[in-house]
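1. any chance you could fold what I've pasted below:
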Amino acid sequence: MRVKILRKIVVVLILTILLFEDTQAQPWKPDHYVVIDTDCGLDDFRAINLLLASPHVRVLAIITSPGVLNAKDGYTKVASLLNSYHHEGIPVGINSTETYKAKNCKPALVFGWGGNIQAEGIEYCLYTDVINQVLENHNDKITFISLGSLNTVARCLKNCPQFSQKVNEILWAGNYKDLKNSFNYILDIASYDKIINSEMNFSILNGEIEPDYDGEFIQKIKNINTQYAKQFHRSLKIPDNSYALKLYDEMVSVFFEDENLFTCDTISYKLKNYRFRNDMNRLEKSLLAMLTNDIENQNQVLSIFPLDTADYMTDIQEIISPTIKKYGKEEWISCVLTSELHRHLGVYSLIGTKMGIRAREYFGAGVDEMGIVSYAGHVPPFSCLNDGLQVSTGATVGHGLITVKDSLKLPMADFNYLGRKITISLKDEYREKIASEIKELNFIYGLDSEIYWDLVRGLAIKYWRYWDRHEIFEIKK
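-> Purely as a prediction, here's the structure:
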């Protein structure tokens, strides 16, 4: 009798654990959460582009420190790059240590990373403030990537209380077999000695490999139509600069795409050295895969999301290709799913989808990672915004990540991510245009007319096709 009871208890416990794991699972979490420390060489520019492009990596913050460039110029370059990708919400910090002097290499100094940002009057965020905020608000283990010296890591061990607990591994671009000639080592030998004698998990990856990027490979990169590939290709086309064609610290980014490209030498229980296996064909495939940046299949039922025009209604077919080309596949898929959930092609449901995608883009966040407070209320038409917000962000009622308030009844929402908040609202000019056009249709045809709803559908399709999420919203911190 006791045996039977014990068996039942064990079965119940197992089922409970499985149920708990299933309900708590986040199947689209990335494999790696990273903080990047960079001295802003051309190879670092490429490394950061690869990490931002990779669906396997989530960049939580970027720190600039002296090395190839000084930290302030590096800060401006990183901020301009993130702004050009509309990732303004990824925090940037500065470590302007005077322990050693930056080289200020001219090719890296004159190379532009993004749009123009005025360095005069810029408010620099200290690396400690940025890293401490990330550590306080992030619960998963973090990999700290050092693309320059180890000065920032050494200082974080002293000045960031949670660093040793929350950071699972330091991944450093250096040449362990030839340290005395390794640029990143020479910058700050004392910090290397501190890290090597600490209790941190420390991995060294040699990014200094041969051969260089060749013409055929560069052409393949040029043929990829993503923003990351275009920037990457631009860094390979600097005239009369052989350094631009060399593979260095971007190899650290490749490690996250294909760890098997490297041989691991275990030096001690906490120190590993990774060496490239010299498989250039596989390396090329990995780099191209990261730059292609095709979104992960997030479907739960469909193995492939339908993008063939024949699968769509006639009035949708002609907008598929230009809309995906302009706004990306992820926005398209979210708009389609929102419309199916909403059960008609609604104006504000699509606005909500674009708003949610914009918020995720701003923070560089994935699905199910933001909390939302919607001020659209529970009454149409503004309340339709809520359906689009849920689909595009994963912050659904079922996940408990969205709250709807009736206080304002406006197409506006707060988005919370890692202890930071922004408010996104539809600009007045667009809201007024919608109201004016809907009012005119209502006046002519009335709400009960089929013609009215057909024309509303036409308006929704027009907004879907022509309203750019980077233009129609106002964002306030």
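
2. and the gap between the residue most central in space within the chain and residue 103?
-> Nearest to the geometric centre of the chain sits residue 364, at 3.4 Å (CA atoms, centre = their mean). Going from residue 364 to residue 103 by CB to CB, to the nearest Å gives 29 Å. Where C-beta positions appear, they are placed from N, C-alpha and C, glycine not excepted.

3. domain assignment for the chain?
-> Structural domains assigned to the chain are 32-292, 309-476, following automatic domain parsing.

4. would you turn those domains into CSV with mean pLDDT?
-> Converted to CSV, the domains of the chain look like this (pLDDT from 0 to 100):
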stretch, mean pLDDT
domain 32-292, 93
domain 309-476, 95
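
5. tell me which of the ones you listed lies nearest to residue 300.
-> domain 309-476 (10.9 Å; CB to CB).

6. for the closest one, measure first residue to last.
-> Using CA to CA, to the nearest Å, the end-to-end distance of domain 309-476 comes out at 38 Å.

7. chain center to that domain: distance?
-> Distance of domain 309-476 from the chain centroid (CA atoms, centre = their mean, to the nearest Å) equals 21 Å.

8. quick one: residue 128 and residue 160 touch, right?
-> Yes - using CB atoms under 8 Å, residue 128 is in contact with residue 160, at 6.1 Å.

9. more crowded one of these two?
-> residue 160 (22 against 18; other CB atoms under 10 Å).

10. tell me the SS of residue 454?
-> helix (DSSP: H, G, I helix; E, B strand; the rest coil).

11. for residue 69, see how far away it is.
-> Taking CB to CB, one finds residue 454 at 58 Å from residue 69.

12. quote the end-to-end distance of stretch 469-477.
-> Stretch 469-477: ends 17 Å apart by CA to CA.

13. likewise for stretch 142-160?
-> Criterion CA to CA; first-to-last residue distance in stretch 142-160 is 14 Å.

14. stretch 208-223 too?
-> Separation of the first and last residues of stretch 208-223 by CA to CA is 26 Å.

15. which positions within it qualify as buried?
-> 208, 213, 217, 218, 221 (16 or more other CB atoms under 10 Å).

16. likewise stretch 188-207?
-> For stretch 188-207, a neighbour-count test (16+ other CB under 10 Å) marks 188, 191-192, 194-195, 200-207 as buried.

17. which of those residues sit farthest apart?
-> Farthest pair in those (CB to CB) is 194 and 207. Separation: 21.8 Å.

18. can you list contacts of stretch 115-134?
-> 35, 60-61, 63, 65, 72-73, 75-76, 79-80, 83-84, 91-96, 142, 152, 155-156, 159-163, 418-420 (CB atoms under 8 Å, 6 or more residues apart in numbering).

19. keeping just the C-alphas, turn that stretch into CSV.
-> Once non-C-alpha atoms are left out, stretch 115-134 reads as follows in CSV (Å, rounded to 0.1, in the frame of the first residue of the first chain):
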residue,chain,number,x,y,z
GLY,A,115,24.7,59.1,-38.4
ASN,A,116,26.1,62.3,-37.1
ILE,A,117,26.0,62.9,-33.3
GLN,A,118,27.3,66.1,-31.9
ALA,A,119,30.1,65.3,-29.4
GLU,A,120,29.8,68.8,-27.9
GLY,A,121,27.6,68.8,-24.8
ILE,A,122,27.0,65.0,-24.9
GLU,A,123,26.3,63.5,-21.5
TYR,A,124,28.5,60.4,-21.0
CYS,A,125,27.1,57.6,-18.9
LEU,A,126,29.7,56.0,-16.6
TYR,A,127,30.4,52.4,-17.2
THR,A,128,29.6,51.5,-13.5
ASP,A,129,26.2,53.1,-13.7
VAL,A,130,25.3,51.2,-16.9
ILE,A,131,26.7,47.8,-15.8
ASN,A,132,25.2,48.1,-12.3
GLN,A,133,21.7,48.8,-13.7
VAL,A,134,22.0,45.8,-16.1
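
20. in it, which residues are buried?
-> Within stretch 115-134, judged by 16+ other CB under 10 Å, the buried ones are 117, 124, 125, 127, 128, 130, 131, 132, 133, 134.

21. and of those residues, the nearest to residue 325?
-> Residue 325 lies nearest to residue 117 out of these, by CB to CB, at 27.6 Å.

22. how about the contacts made by residue 244?
-> By CB under 8 Å, 6+ apart, residue 244 lies in contact with 42, 107, 235, 236, 237, 238.
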